[in-house]
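Engineer: no sequence on this one, just coordinates:
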């Protein structure tokens, strides 16, 4: 059928009252909702037999290619149509799957089963009594999904319980995390529970999620209403996710410890990259590295952007970040408190910091005696995220000398002056 991108040969055996067809795709076919995965010309091959009652049995082989990375996924299996029920069973490079749905009076899902070849079940969803849907996405399934689609590795335990109803026009689902104890990478945060109500309108291609809540060991993230719209090929067109963060504890690689509150809005319009904006408050925080180092800037940006780095291709960002209580900074040579008043803007892939960090007291380790910080400010000017301006003054009396340290200039080009009186 060239009009839909397939061609092949068809024969009919009048004695056996059966037809046989061998078909292949003649044009590349995009895999819905993903811009890079495609089946290239000739990579779908199927053999199908049809009897006089229109019962169908056949086999298929398919290769999906990631046009950017060159990765390939091979799929093969069987398909049948009998008594108004379609059933396909197959395997990919690493997985086994089964998909069943009925066609009368309308197309309705009956079963989705997904596992690896070692017998670990990832997804088991089925319908009972026509429209009632129940199922489970196991922890192994969650781990595999996040690894493949978001390049994120998790550890722990827990499973998603699904319940609701399905029709030819709409899918209503209640989703809850059961027995959750999932550790997120780098942050050392543990997800304890999750719940939401999702409604997918199949005709309008719209998704609404209400009452979403992610509960952590300390703190939570809530979203009253998430909206998404999809194209005819089920590619994401628009997305709106308002997030409310309440006393969320985050540990970034054992270097920056923070308790965060605030609001973020992730918004995507059709044919545009996403926007991520909002206001974050560091209720309490501690940094165990040099506050003047590039590592500190990476950690500050990471507080606001790290959850989204692998989920978005890129995004325009505009996030205000302030400290409610001064941040404790403690290293082998520096101990102080810092008030942050910063704006993180530009893009997710190329963020910029603008604002000030004001030091409050503390000291610098110095031979014989510490030098007390009397003034310290770090200025982040536009275009100078990697090379902020520094003003630092520290003094003390060492034996009979009044010793002072003054630092001016920038991080990469500092001007350091020592003075003592008497000289």
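Structural biologist: Yes, it's here. Keep in mind it's a predicted model, so treat the numbers as computed, not measured. Residues are numbered from 1 along each chain as shown.
Engineer: List the beta-bridge partners for residue 236.
Structural biologist: As for beta bridges, residue 236 partners with residue 230 under DSSP bridges.
Engineer: number of nearby residues for it?
Structural biologist: As a burial measure, residue 236 scores 16 neighbours (other CB atoms under 10 Å). In this view, the C-beta of every residue, glycine as well, is placed from N, C-alpha and C.
Engineer: Correct me if wrong: it contacts residue 207.
Structural biologist: No: assessed by CB atoms under 8 Å, residue 236 is found out of contact with residue 207, at 9.5 Å.
Engineer: Which neighbours do those two have in common?
Structural biologist: 228-230 (CB atoms under 8 Å, 6 or more residues apart in numbering).
Engineer: Only the buried residues of the helix or strand in which residue 267 is found, if you could.
Structural biologist: Assigned by DSSP states H and E, residue 267 falls within strand 256-268. If you call a residue buried by 16 or more other CB atoms under 10 Å, then strand 256-268 has these buried ones: 256-262, 264, 266-268.
Engineer: What is the most widely separated pair among those?
Structural biologist: Based on CB to CB, the longest span within those runs between 257 and 268 and measures 31.7 Å.
Engineer: Once you drop chain neighbours, what's closest to residue 112?
Structural biologist: Nearest residue to residue 112, sequence neighbours excluded (CB to CB, 6 or more residues apart in numbering): residue 125, at 4.3 Å.
Engineer: what helix or strand is the one you found on?
Structural biologist: Per DSSP H and E: strand 121-128 holds residue 125.
Engineer: just residue 53 next, same as before
Structural biologist: Applying DSSP H and E, one finds residue 53 in no helix or strand.
Engineer: Next one: it, what pLDDT does it get?
Structural biologist: Looking at residue 53, its pLDDT is 88.
Engineer: who's in contact with it?
Structural biologist: Counting by CB under 8 Å, 6+ apart, residue 53 has no contacts.
Engineer: That one and residue 145: what is the separation?
Structural biologist: 39 Å (CB to CB, to the nearest Å).
Engineer: Also residue 172?
Structural biologist: Taken as CB to CB, the span from residue 172 to residue 145 is 21 Å.
Engineer: State the distance from residue 112 to residue 157.
Structural biologist: Applying CB to CB to residue 112 and residue 157 gives a distance of 22 Å.
Engineer: same thing with residue 204?
Structural biologist: 37 Å.
Engineer: again with residue 251
Structural biologist: 20 Å.
Engineer: So these two - more neighbours on which side?
Structural biologist: residue 251 (15 against 12).
Engineer: That one pairs with what?
Structural biologist: Bridge pairing for residue 251 - DSSP bridges - gives residue 257.
Engineer: Read off the pLDDT value for it.
Structural biologist: 86.
Engineer: One more: the one 5 residues further on?
Structural biologist: As summarised for this prediction, residue 256 has a pLDDT of 87.
Engineer: which residues of this protein fall in helices?
Structural biologist: 139-150, 294-305 (DSSP state H).
Engineer: how many neighbours does the residue nearest to residue 110 when sequence neighbours are not counted have?
Structural biologist: Leaving aside its chain neighbours, residue 110 sits nearest to residue 100 (4.2 Å; criterion: CB to CB, 6+ apart). Look at residue 100: counted by other CB under 10 Å, it has 17 neighbours.
Engineer: now swap in residue 252 and tell me
Structural biologist: Using other CB under 10 Å: residue 252 sits among 19 other residues.
Engineer: for it, what are its contacts?
Structural biologist: 186-187, 258, 299, 302-303, 306.
Engineer: and what of residue 76?
Structural biologist: Residue 76 touches 59-62, 90-91, counting by CB under 8 Å, 6+ apart.
Engineer: again, but for residue 74
Structural biologist: Residue 74 touches 61-63, 92-93, counting by CB under 8 Å, 6+ apart.
Engineer: from the residues you listed, which is closest to residue 5?
Structural biologist: Taking the contacts of residue 74 together and measuring to residue 5 by CB to CB, the closest member is residue 62, at 13.5 Å.
Engineer: Does anything pack onto the strand holding residue 267? Which helices or strands?
Structural biologist: strand 236-252, strand 274-287, helix 294-305 (3 or more CB pairs under 8 Å, 6 or more residues apart in numbering; DSSP states H and E).
Engineer: got the angle for the first one vs strand 256-268?
Structural biologist: Looking back up the chat, that one is strand 236-252. Here strand 236-252 points in a direction 180 degrees away from that of strand 256-268 (axes from the mean of the first three to the mean of the last three CA atoms, to 10 degrees).
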